[in-house]
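A.B. asks: predicted model, plus sequence, below.
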Amino acid sequence: MNRMTILGIETSCDETAAAVVRGSAGGPADILSNIVFSQFDEHAPYGGVVPEIAARAHIERLDAIVGEALSVAGIALKDVDGVAATAGPGLIGGVIVGLMTAKGLAAAAGKPFVPINHLEGHALSVRLTEAVAFPYLLLLVSGGHCQLINVAGVGRYEVLGSTIDDAVGEAFDKTAKLLGLGFPGGPAVEAVAERGDPRRFLLPAPLKGRSNCDFSFSGLKTAVRRAAEQAGTLSPQDVSDLCASFQAAVSASLLDRTARAFDKFTARFADAPMQLVVAGGVAANQALRARFGELCEARGAALFVPPPRLCTDNGAMIAWAGLERLSQEGSEGGGERLDAPPRARWPLTELKAT
Ligand code: KG4
Ligand code: ZN
């Protein structure tokens, strides 16, 4: 199959990222470079991502990050087969910075430009490192999203369930903020939870037992706040126990919802093997990965989770989605995409196969 080299740019939240990926559709591919600059220091004083600060930080750094991605890959812009960038969903200022930069590079070099849906980047990221065939069940867990999706092919997504309030990464971030663990919250909660007792605090596993595949995390967030208030002054061990209990409740909820989705996946794809992919920033959580391993073993399903650095936002997954799309449509049509608009909101279900 035709091998391609794609430059990918990601700026939809607080990571300024660019990468060069070489391979052919279906994967796995070679990651020639994957440069990620996380704007932790810029946002830490505010305990969360400030959109205006993020957009300015992307403007200041993106050119250098793209230059570094090309030089680490050892290639010039003229040697790539296409330029891909996140066109949404995300914080609109940041999306505009990455999208306009990528369009400018593509136009200047006479290369096809491929606008990428950030969620599709996460959805296909597993194929970058493992040749996982379609269809698979995807649990997408990030700072902005929590969804169960049947992935039937590139651009062919059927949403089985979504969060009715907060995303799961948001719940990690808010719990961290409440307990004074700093920003970003997910890795901080995970680190502290390692020393904690998950049975110390009894927290609800949201929507456990419901017949649908939806999620809810705002009640859990409130339960953590109440437990913290009731405990009074929190010792480091209290904080660890609370984080471990929170993480256990999140796991129980995610596992229960995903087990429901197994049945829907099997009903939809009767002859396909049961394959679960967990992707997005929260999939970097090792405790969670272990629990999903147990679930899949019990259910005779195959589990695929991208390596942690490809779970959190990065340019390689955007380059990869660009490669999968470009190899579907042929490079001729790519130039027309220069008019693709930036989008704050862009559900996966609005995508089409090319
Ligand atoms: O995919 P991502 O980098 O950005 C979005 O598209 O949202 O996900 C970021 C989210 C944040 O909420 C962060 O706290 C969470 O993923 N996260 C984690 C871990 N690493 C990142 N949550 C739990 N455990 C982790 N180790
Ligand atoms: Zn993301």
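C.D. replies: Here it is on my side, so go on. Because the structure is predicted, anything quoted here is derived from the model rather than measured. Ligands and ions are numbered 1, 2, ... in the order given.
A.B. asks: which other residues reach the host helix or strand of Ala298?
C.D. replies: Using DSSP states H and E, the element containing Ala298 is helix 286-299. Helix 286-299 is contacted by residues 139, 190, 193-194, 247, 250-251, 254-255, 258-259, 262, 274, 276, 278, 282-283, 301-303, 305 when judged by CB atoms under 8 Å, 6 or more residues apart in numbering. For glycine as for every other residue, the C-beta is placed from the backbone atoms N, C-alpha and C.
A.B. asks: among these, which ones are buried?
C.D. replies: Using 16 or more other CB atoms under 10 Å as the burial test, these include 139, 190, 193, 247, 250-251, 254-255, 258, 262, 274, 276, 278, 282-283, 301, 303, 305 as buried.
A.B. asks: helices - which of these land there?
C.D. replies: Among those, DSSP state H puts 190, 193, 247, 250-251, 254-255, 258, 262 in helices.
A.B. asks: which of those residues lies closest to Glu324?
C.D. replies: The closest of those to Glu324 turns out to be Thr258 (CB to CB; 24.3 Å).
A.B. asks: that closest one: what's it in contact with?
C.D. replies: Neighbouring residues of Thr258 by CB under 8 Å, 6+ apart: 137, 139, 148, 276, 292, 295.
A.B. asks: which ones are touching Gln39?
C.D. replies: By CB under 8 Å, 6+ apart, the contact set of Gln39 is 14-16, 49, 53-54, 57.
A.B. asks: for Leu351, state which of the residues you listed is nearest.
C.D. replies: The shortest gap between Leu351 and any of the contacts of Gln39 belongs to Glu15, at 22.1 Å (CB to CB).
A.B. asks: read off the pLDDT value for that closest one.
C.D. replies: As predicted, Glu15 sits at a pLDDT of 97.
A.B. asks: buried residues, stretch 94-109. List them.
C.D. replies: Neighbour-count burial for stretch 94-109 flags 94-99, 101-103, 105-106, 109 (criterion: 16+ other CB under 10 Å).
A.B. asks: now stretch 2-18
C.D. replies: Neighbour counts using 16+ other CB under 10 Å place 4-18 of stretch 2-18 among the buried residues.
A.B. asks: contact partners for the closest residue to Ala223 other than its chain neighbours?
C.D. replies: Closest residue in space to Ala223, ignoring its immediate chain neighbours: Leu203 at 5.0 Å, by CB to CB, 6 or more residues apart in numbering. Going by CB under 8 Å, 6+ apart, Leu203 touches 220, 223-224, 227, 245-246, 248-249.
A.B. asks: so Leu203, which state does it fall into?
C.D. replies: Here Leu203 is recorded as coil under DSSP: H, G, I helix; E, B strand; the rest coil.
A.B. asks: tell me the one among the contacts of Gln39 nearest to ligand 2.
C.D. replies: Ranked by distance to ligand 2 (CB to the ion), those are led by Glu15 at 8.3 Å.
A.B. asks: list phi and psi for the closest one.
C.D. replies: Note on Glu15: backbone dihedrals following degrees, to the nearest 10 are phi -110, psi 130.
A.B. asks: what's across from the nearest residue to Ala167 once chain neighbours are set aside in the sheet?
C.D. replies: Leaving aside its sequence neighbours, Ala167 sits nearest to Cys146 (CB to CB, 6+ apart; 4.7 Å). Under the criterion DSSP bridges, Cys146 forms beta bridges with Val141.
A.B. asks: now the contacts of Gln39 as TSV including secondary structure and distance to Ala131?
C.D. replies: Putting those into TSV (DSSP: H, G, I helix; E, B strand; the rest coil; distance: CB to CB, whole Å) gives the following:
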residue	secondary structure	distance to Ala131
Asp14	coil	31
Glu15	strand	26
Thr16	strand	30
Val49	coil	34
Ile53	helix	40
Ala54	helix	35
Ala57	helix	36
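A.B. asks: spatially, which two of those residues are the most separated?
C.D. replies: With distances taken as CB to CB, the most widely separated pair in the contacts of Gln39 is Glu15 and Ile53, at 13.5 Å.
A.B. asks: before we move on, the earlier item: just checking: which of the buried ones among the contacts of helix 286-299 also lie near ligand 1?
C.D. replies: Among the buried ones among the contacts of helix 286-299, the ones lying near ligand 1 by CB under 6 Å from any ligand atom are 190, 282.
A.B. asks: ok, which of the buried ones among the contacts of helix 286-299 also contact ligand 2?
C.D. replies: Among these, no residue lies close to ligand 2 (CB under 5 Å from the ion).
A.B. asks: just to revisit the earlier point, return the closest of the contacts of Thr258 with respect to ligand 2.
C.D. replies: Leu139 (13.6 Å).
A.B. asks: need the residues of the stretch 201-350 of the chain near ligand 1, please.
C.D. replies: Residues of the stretch 201-350 of the chain lying close to ligand 1 by CB under 6 Å from any ligand atom are 280-282, 284-285, 312-313.
A.B. asks: how about the residues you listed, which pair is most distant?
C.D. replies: Farthest apart among these - using CB to CB - are Asn285 and Asp313, which lie 15.2 Å from each other.
A.B. asks: buried ones in the host helix or strand of Gly219?
C.D. replies: Gly219 is located in helix 218-231, with elements delineated by DSSP H and E. Of all the residues in helix 218-231, those buried under the rule 16+ other CB under 10 Å are 220-221, 223-224, 227-228.
A.B. asks: show me the contacts for whatever residue of the stretch 101-250 of the chain ends up closest to ligand 1.
C.D. replies: Using CB to the nearest ligand atom, the closest approach of the stretch 101-250 of the chain to ligand 1 is made by Gly186 at 2.1 Å. Gly186 makes contact with 143, 169, 172-173, 176, 281-282, 284-285, according to CB under 8 Å, 6+ apart.
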